[in-house]
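> requesting a structural model of the entry that follows:
(one chain, ligands or ions: 2)
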Amino acid sequence: MNKIVSILDSMEYGPAPEDDAAVRAWLARHKGRFGHFVAGAFTRPGKANTFPAVNPATGETLAEVAEGGEKDVDAAVEAATKAFKSWSALTGTARARHLYALARQVQKHARFLAVLETLDNGKPIRETRDIDVPLVARHFYHHAGWAELRDQEFPGHAPVGVCGQIIPWNFPLLMLAWKVAPALAAGCTVVLKSAEHTPLSALAFAEICREAGLPAGVFNLVNGGGATGAALAAHDGLAKLAFTGSTEVGRVLRRQSAGTGKKLSLELGGKSPFIVFDNADLDAAIEGVVDAIWFNQGEVCCAGSRAIVQEGVADKFHARLKARMETLRVGAPLDKSTDIGAVVAPVQIEQIRARVEAGLREGAVLHQPSWAGEHFDRATQGGCFFPPSLFTGVSPASPLAQEEIFGPVLVSMTFRTPGEAIALANNSRYGLAASIWSQNLDTAFDAARKVKAGVVWINSTNMFDAAVGFGGYKESGFGREGGREGMFEYLTPAWQKKARPLPESAPLAAPVPVDDETGPGASPAGLDRTVKLYVGGKQARPDSGYSYPVLDSRGRIITEAGHGNRKDIRNAVEAARKAESWSAMTGHARAQVLYFLAENLELRAAEFAARIARMTGVAAKKAAAEVEASVARLIHYAARADKYDGRVRAPQPRMLALALPEPYEVIGISCPDEAPLLAFVSLVAPAIAMGNRVVVTPSQHHPLAACDLYQVLDTSDVPGGVVNIVTGDRDQLASVMAKHDDIAACWYVGSAEGSAMVEAESAGNLKATWVNNGKARDWFDAGQGQGEEFLFHATRIKSIWTPFGV
Ligand code: NAI
Ligand code: MG
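Ligands and ions are numbered 1, 2, ... in the order given. A predicted model of the protein is given here:
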């Protein structure tokens with residue numbers, strides 16, 4: 001009697017370990033040694049060049065795994081290349097059957113996979129059993145559907161080709177599924193590199209591929225660490241590289257793959273805000289914190305690691321949170337009543353400790369449960385355990401509040417007004433996710449729209465589904481995984497596979513000082529006036545004080561154009577930033593402006609055509625056709641402005657997920673010389689139709705087509721700062737734009753070298769880039785010069801999850 005009362009009081013549990021016999025038998029069957037999986041078979045692991053797969057809860061070595069070198073990577077890429085031909089030629093239905101078979105096989109082995117993942121990674125069995133593995137199966141089922149529907153849903157698209165995929169250790173099998181399923185659905189083949197701390201579940205998946213009868217070479221696996229990953233990333237047999245991991249490595253991969261023509265998607269770190277308004281359901285929010293930062297030991301890229309709590313409820317919130325922390329159970333991952341398991345490896349524990357100690361030195365206040373401390377340390381010796389932790393008294397600029405800790409450590413700050421909450425939330429170089437707690441729909445949605453993050457959970461956190469896109473803003477990376485938006489990462493417009501190289505653009509003539517006597521505004525004999533730049537809705541003199549001659553098709557000077565420089569781009573970006581009301585307008589309102597622009601351009605069609613003919617030397621008929629096509633293109637995007645909108649999904653009962661295309665805000669655009677008016681309009685119109693503001697370098701040799709637009713823009717109610725035009729050397733200006741931290745995306749159409757430069761220099765703030773790799777595009781062709789491809793690049797999907805009726 002006494003005993004029961006005391007148990008009810010202490011809520012002590014007996015041990016409830018999951019049986020690991022099946023996994024032990026599997027390891028024994030492989031004699032504790034694994035090779036790579038290439039062309040449908042396991043390679044034989046040698047004696048040398050292996051690394052241990054370790055259970056972080058005990059320090060036990062579970063198996064020895066071959067570490068891949070260049071030769072292994074070569075063999076895997078070769079196998080994937082061979083398999084691509086027949087795999088991509090299968091019907092969608094045939095590929096779908098394979099994906100269904102993989103999903104079924106995952107479900108069949110669900111318990112085995114959950115135990116294996118828990119042993120190798122340290123995460124609690126409750127999570128692998130109820131979250132990781134079911135989501136893996138769901139991912140393959142969902143993408144079986146995309147395989148079936150590819151040709152109907154993505155007409156004119158082809159699979160990109162052989163994909164290199166590099167995954168982290170925090171959700172090993174789930175990250176595999178996020179990458180492999182859409183690739184296979186699209187018709188691509190894969191070489192995957194698993195993470196060195198957690199190689200085992202990918203090996204089990206390789207076996208599943210064999211059991212399920214996946215054709216050899218469609219999925220290949222190379223084990224190893226950073227060096228193996230680097231060898232894969234550098235392989236020139238890849239058409240696409242997909243990476244999830246640290247921002248640091250993401251940046252390295254951005255630079256390395258620049259100019260190779262490889263399509264790249266990066267899913268990187270985060271420091272996601274968890275905003276609690278004073279009208280939140282506090283008890284629900286407390287459970288939310290548990291799922292936000294103590295789920296998966298806090299080793300979650302989208303962990304809600306920065307609590308931002310409204311002052312009036314902060315004390316109450318912290319008190320309840322501390323009480324809840326007391327009841328969290330840290331311990332044996334295989335035990336079914338464990339909440340927090342082991343951190344993945346000793347190096348990760350050390351990193352967490354170092355960041356916590358630095359926080360203490362800064363004067364932040366650390367709270368851990370009463371049961372943490374020496375006793376806890378002794379009890380968990382030999383394993384990588386860290387108690388749930390809360391920091392208060394954190395200043396927003398401190399490393400604690402800015403850097404990813406990737407452990408079970410929450411930092412908490414307070415705010416007074418909603419505006420302050422958003423400012424704090426967005427005060428981060430990251431932008432992966434956000435969690436917002438308020439019972440007031442108005443407050444919650446207002447914050448959801450204003451927070452700069454790819455995934456927003458209202459009154460919920462860490463929800464995932466295969467149909468809902470996942471991916472970041474800012475330095476959290478670019479590209480989406482999951483849903484329709486995620487499929488585009490593995491597809492390419494079919495015509496681009498056969499695109500021809502663009503003719504080289506001659507260098508610009510040397511700049512000369514602007515002659516103020518005869519310069520801007522004046523009309524010297526035989527010359528038109530020197531054209532200025534267009535910044536913030538006003539014509540501006542180039543900062544350099546230099547201009548360059550614009551020649552006609554026979555090499556005679558028509559006029560001089562401003563030689564824009566770094567300062568001009570900065571001013572243009574500043575003006576674009578200020579024009580934020582454009583992004584908040586409705587699509588309908590933006591459409592009206594675009595229609596008006598089309599009308600006003602049409603009124604001056606003859607004048608524009610004459611100018612194009614004189615600059616480029618094309619026949620009058622062709623020049624007239626270019627103006628006509630430009631007018632049509634404006635009308636096309638006016639029509640699209642209020643129709644390229646979001647989707648609503650219902651991924652779970654009582655849960656809606658909105659997929660909202662949001663503008664990048666400021667896009668830097670570099671235009672080619674070809675079709676100087678049409679290419680300019682084809683790039684600028686979709687960008688502004690979607691609510692972006694742009695800084696554009698027009699054709700460097702034929703800039704006048706764009707400069708003649710200044711007046712048309714003025715008379716068409718395009719607000720100042722929405723379109724900013726800086727003439728000059730295309731590649732010099734593109735370099736400034738690629739490096740600019742307030743530009744979120746760069747589009748570049750020019751040379752192969754210029755494309756490489758833009759990609760490499762964008763690595764600073766990891767802006768999204770869209771470059772032509774020196775390939776030509778037929779701007780007159782409606783399939784190449786306009787359409788969804790442009791709108792896709794002009795927006796990024798924000799997924800907003802919101803529960804109802806709970
Ligand atoms: P990492 O970024 O080094 O590892 C991720 C993957 O990239 C692994 O498969 C690794 O082998 C591979 N890799 C490493 N260097 C590479 C290179 N030069 N080229 C190609 N592949 C390479 O992350 P790590 O060292 O495991 O963890 C360090 C920190 O990164 C963590 O503390 C955490 O802050 C962050 N991280 C973030 C993740 C996320 O999901 N956003 C996942 C893992 C780590
Ligand atoms: Mg391990």
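
> check the offset of the particular helix or strand that has Phe680 in it from the chain's centre.
Phe680 belongs to helix 676-689 when assigned by DSSP states H and E. For helix 676-689, the gap between its own C-alpha mean and the chain's C-alpha mean amounts to 24 Å (CA atoms, centre = their mean, to the nearest Å).

> next structured bit after it?
strand 693-697.

> now the element after that following strand, going C-ward?
Note on strand 693-697: by DSSP H and E, the next helix or strand toward the C-terminus is helix 704-707.

> can you point out the buried residues in the helix or strand following that next one?
Scanning forward in sequence from helix 704-707 by DSSP H and E, the next helix or strand is helix 709-715. In terms of neighbour count (16 or more other CB atoms under 10 Å), helix 709-715 has its buried residues at 709-710, 712-713. Yep, even glycine has a C-beta here, placed from its N, CA and C like the rest.

> can I get the residues you listed in CSV including distance to Phe680 and pLDDT?
As requested, the buried residues of helix 709-715 are exported to CSV (distance: CB to CB, whole Å; pLDDT from 0 to 100):
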residue, distance to Phe680, pLDDT
Leu709, 8, 96
Tyr710, 12, 96
Val712, 12, 97
Leu713, 12, 97
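
> for those, give me a markdown table that also has distance to ligand 1.
Formatted as a markdown table, the buried residues of helix 709-715 follow (distance: CB to the nearest ligand atom, whole Å):
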| residue | distance to ligand 1 |
| --- | --- |
| Leu709 | 43 |
| Tyr710 | 44 |
| Val712 | 46 |
| Leu713 | 42 |
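
> looking at these, which two lie furthest apart in space?
Tyr710 and Val712 (7.3 Å; CB to CB).

> how about stretch 39-51: buried residues?
Residues of stretch 39-51 classed as buried: 39-40, 42-43, 45, 50-51 (neighbour count, 16+ other CB under 10 Å).

> just the ones of these in strands?
Cross-referencing the buried residues of stretch 39-51 against strands under DSSP state E gives 42, 50-51.

> contacting residues for the closest residue to Lys474 other than its chain neighbours?
The shortest distance from Lys474 to any non-neighbouring residue, by CB to CB, 6 or more residues apart in numbering, is to Gly431 (3.9 Å). Residues in contact with Gly431, defined by CB atoms under 8 Å, 6 or more residues apart in numbering, are 270, 452-454, 472-476.

> kindly report the same for Val106.
113, 133, 136-137, 140, 205, 208.

> now render the buried residues of stretch 39-51 as JSON lines, adding pLDDT.
Shown next, in JSON lines, are the buried residues of stretch 39-51 (pLDDT from 0 to 100):
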{"residue": "Ala39", "pLDDT": "98"}
{"residue": "Gly40", "pLDDT": "98"}
{"residue": "Phe42", "pLDDT": "98"}
{"residue": "Thr43", "pLDDT": "98"}
{"residue": "Pro45", "pLDDT": "93"}
{"residue": "Thr50", "pLDDT": "97"}
{"residue": "Phe51", "pLDDT": "98"}
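
> pick the one among those closest to ligand 2.
Using CB to the ion, Phe51 is the member of these that sits closest to ligand 2, with 10.1 Å.

> okay, the closest one and ligand 1: tell me how far apart.
Phe51 sits 11 Å away from ligand 1, going by CB to the nearest ligand atom, to the nearest Å.

> which non-adjacent residue is nearest that residue?
Glu67 (5.2 Å).

> so the one you found sits against Ala48, correct?
No. Glu67 is not in contact with Ala48 according to CB atoms under 8 Å; the separation is 9.1 Å.

> out of the contacts of Val106, which are inside helices?
Using DSSP state H, the members of those that fall within helices are 113, 133, 136-137, 140, 205, 208.

> and Thr91, how many neighbours?
By other CB atoms under 10 Å, 12 other residues sit near Thr91.

> go on, the one 3 residues further on?
Residues contacting Ala94 under the criterion other CB under 10 Å number 12.

> does stretch 32-51 reach ligand 2?
No. Taking CB under 5 Å from the ion as the criterion, stretch 32-51 and ligand 2 are apart, separated by no less than 10.1 Å.

> for that stretch, which outside residues touch it?
Residues from elsewhere that reach stretch 32-51 (CB under 8 Å, 6+ apart): 62-69, 72, 75-76, 79, 82-83, 196, 199-200, 203, 206, 209-210, 214-217, 219-225.

> what is the end-to-end distance of that stretch?
From its first residue to its last, stretch 32-51 covers 12 Å (CA to CA, to the nearest Å).

> same check on stretch 499-512?
Chord length of stretch 499-512, first to last residue, is 37 Å (CA to CA).

> same question for stretch 481-497.
Across stretch 481-497, the terminal residues are separated by 23 Å (CA to CA).

> buried among the contacts of Val106? Make that a ChimeraX selection.
Filtering the contacts of Val106 down to the buried ones (16+ other CB under 10 Å) takes a single ChimeraX command:
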select :113,133,136,137,140,205,208
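
> among the contacts of Val106, which one sits closest to ligand 2?
Ligand 2 has its nearest neighbour among the contacts of Val106 in Leu113, at 14.8 Å by CB to the ion.

> and this protein, which residues reach ligand 1?
Residues of the chain lying close to ligand 1 by CB under 6 Å from any ligand atom are 166-170, 193, 195-196, 225-226, 229-230, 233, 244-246, 249, 252, 268-269, 301, 351, 404, 406.

> can you count the residues close to the nearest residue to Ala345 once chain neighbours are set aside?
In this structure, Ala345 finds its nearest non-sequential neighbour in His197, 4.9 Å apart by CB to CB, 6+ apart. A count of nearby residues for His197, using other CB under 10 Å, gives 21.

> quick one: secondary structure of His197?
coil (DSSP: H, G, I helix; E, B strand; the rest coil).

> OK, contacts around it?
Taking CB under 8 Å, 6+ apart, one finds 54, 56, 120-121, 169, 344-345, 348 in contact with His197.

> which of those fall within helices?
With DSSP H as the criterion, helices contain 120-121, 348 from among these.

> and whatever residue of the stretch 101-250 of the chain ends up closest to ligand 1, helix, strand or coil?
Proximity of the stretch 101-250 of the chain to ligand 1 (CB to the nearest ligand atom) peaks at Gly229, 2.3 Å away. Following three-state DSSP, the label given to Gly229 is helix.
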